[in-house]
Every structure is written in C-alpha cells, then in structure tokens.
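> fold the following and give me the result.
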Amino acid sequence: MPIAMQFPFLDWLNEQPEVGYFSALQSAGLTPAMQRYFQGQQSSIYNDYLGALGQQAARGESPTLLWTDYLAQMPFTNRYARLPWAVRNPNYSSFSPATRWMV
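Alright, predicted model coming up:
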C-alpha cells in the first residue's frame, strides 16, 4: 500500500514545515533541555533542508527529498552533543553562583 494511503496527512506535514518539525521533535525522544534548544532552531534546520534540496538540483537530480524524510534522518541528539557546553547549559550560573567579595 502506498505511503500516502497509509498516512493521509503526510502531505500536510510536508506542506506546513512547522507542524512537521514540531511533530518530529515530539517523537525524537529528546530531553527537556534538548526540546527547548531545538524549539528555537526550526528556521535554521529548515534552511539546512532547503540547502539539501539545492544540492540535489545541483547534482542534476530532481529535488524530491521530503521535509519529513529529512527530519526522520536528522540526528538531533548528535547535533545537540556537538554544541559547546555553555550553549547546552545556558543557566549554568544556577549551579555555581557568582562570588561576592566583601571589600
């Protein structure tokens, strides 16, 4: 059975990038900190997707990569792990408060 018959709303997930993106985040099994980080990264990741479509076209291929397929192969956890520590832990001051000098 074709995928469109199994999942009648697949086209909608591809036509509404925000819906497809946040759906992928929900099913990626991310920690709350990862969820918060990636909620602000939708436009950046969508731009990466557009670049992947452009690469397909530059190779002379038909740009057929679906947004949902791109998100399905997105290594969210690995991408997050490559971030600098300060980006992954923006509230690190709560673990080590500023020192106050009594002068």
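
> same for the helix or strand that residue 22 is a member of, what does it pack against?
Assigned by DSSP states H and E, residue 22 belongs to helix 17-27. Counting contacts by 3 or more C-beta pairs under 8 Å, 6 or more residues apart in numbering; DSSP states H and E, helix 17-27 is packed against helix 10-15, helix 32-39, helix 42-58, helix 67-72. Just so you know, the C-beta spots here come from the backbone N, C-alpha and C atoms, and that holds for glycine as well.

> of the ones you listed, which is nearest residue 24?
helix 67-72 (3.9 Å; C-beta to C-beta).

> which parts of the closest one are buried?
67-68, 70-71 (16 or more other C-beta atoms under 10 Å).

> after that helix, next one along is what?
Assigned by DSSP H and E, the successor of helix 67-72 is helix 76-81.

> so what touches that next one?
25, 28, 30, 34, 37-38, 88 (C-beta atoms under 8 Å, 6 or more residues apart in numbering).

> apply 10 Å and report the result again.
24-25, 28-31, 33-35, 37-38, 41, 45, 48, 75, 87-88 (C-beta atoms under 10 Å, 6 or more residues apart in numbering).

> show the buried residues in those.
Buried among the contacts of helix 76-81 (16+ other C-beta under 10 Å): 24-25, 28, 30, 34, 37-38, 45.

> now the residues you listed in CSV, with pLDDT?
Output for those, formatted as CSV (pLDDT from 0 to 100):
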residue, pLDDT
24, 92
25, 93
28, 90
30, 92
34, 92
37, 92
38, 94
45, 95
